[in-house]
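> Show me the folded form of this:
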Amino acid sequence: MIFSRSSGILLHPTSLPGPSGIGDMGAAAFHFIDVLSDMSQHLWQVLPLGPTGYANSPYQSFSAFAGNPLLISLEKLAEEDFLTAEQLHKMPAFPPERVDYGLVIQHKIPLLKEASAAFQMQASTVERKNFEDFCAANQAWLDDYALFMALKNVQDLRPWTPWPPEL
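Down below sits the predicted model:
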């Protein structure tokens, strides 16, 4: 089998610059793709994109299928009117040389919850249908994952092994 030669780069999206203290799938990712294209690069290897577990490692994910919520662009949510500019301006100054996961989680997760609540209240019929279609198409893993994460949150993020047996 003959393969044509190609080249690319390995860069996790969390390494991209961003106003939320962590790189995400927002403007910087789209710009990075344009730069790769301009340089005739054909591959972007991203490493696992799942929700991170212990020590925020992409290799200790809670799911092989779910995406990491920290990769959701708050700016894109604001463009869709699920967040306001005022909400985005409440973000602290993040260290530019590294990701402070504790600080990012402390500030980004509440905004994602607010965006989710806004979606529930104001999503269009098409947006709701797309969401329902996604849930239906991914039910094989999504229901169990949602239940596991809900229980994990109730259990203060402890490992599942010491949870009460009925859980």
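> residues touching residue 78, list them.
84, 85, 87, 88 (Cβ atoms under 8 Å, 6 or more residues apart in numbering). C-beta coordinates here come from the backbone N, C-alpha and C atoms, glycine included.
> So which of the residues you listed is the closest to residue 37?
Nearest to residue 37 out of the contacts of residue 78 is residue 88 (Cβ to Cβ; 28.4 Å).
> residues near that closest one, how many?
15 (other Cβ atoms under 10 Å).
> cool, residue 22 as well?
By other Cβ under 10 Å, the residues close to residue 22 number 24.
> got it, and residue 70?
The burial count for residue 70: 22, using other Cβ under 10 Å.
> any idea how far it lies from residue 58?
As judged by Cβ to Cβ, to the nearest Å, residue 70 and residue 58 stand 11 Å apart.
> Can you pull the residues that touch both of the two?
residue 52.
> returning to that earlier point: buried members of the contacts of residue 78 into PyMOL, please.
Burial among these is assessed by 16 or more other Cβ atoms under 10 Å; the matching PyMOL selection reads:
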select buried, resi 87
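> The contacts of residue 78 in helices, which ones?
Judged by DSSP state H, helices contain the following of the contacts of residue 78: 85, 87, 88.
> the longest helix in the protein is where?
Every helix in the chain considered (DSSP H), the longest is helix 101-122.
> same for that helix, what does it pack against?
helix 74-79, helix 85-88 (3 or more Cβ pairs under 8 Å, 6 or more residues apart in numbering; DSSP states H and E).
> export stretch 7-23 as CSV, just CAs?
Extracted as CSV, the C-alpha positions of stretch 7-23 are listed here (Å, rounded to 0.1, in the frame of the first residue of the first chain):
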residue,chain,number,x,y,z
SER,A,7,2.9,16.5,7.6
GLY,A,8,1.3,18.1,10.6
ILE,A,9,1.6,19.0,14.2
LEU,A,10,0.8,17.7,17.6
LEU,A,11,-0.9,20.3,19.8
HIS,A,12,-3.7,19.8,22.3
PRO,A,13,-6.3,22.6,22.0
THR,A,14,-5.8,23.4,25.7
SER,A,15,-2.4,24.8,24.7
LEU,A,16,-3.9,27.4,22.4
PRO,A,17,-4.2,31.0,23.8
GLY,A,18,-7.6,32.0,25.1
PRO,A,19,-9.4,34.5,27.3
SER,A,20,-10.8,31.8,29.5
GLY,A,21,-7.4,30.6,30.9
ILE,A,22,-7.3,27.6,28.6
GLY,A,23,-7.3,27.0,24.9
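> Perfect, that will be all.
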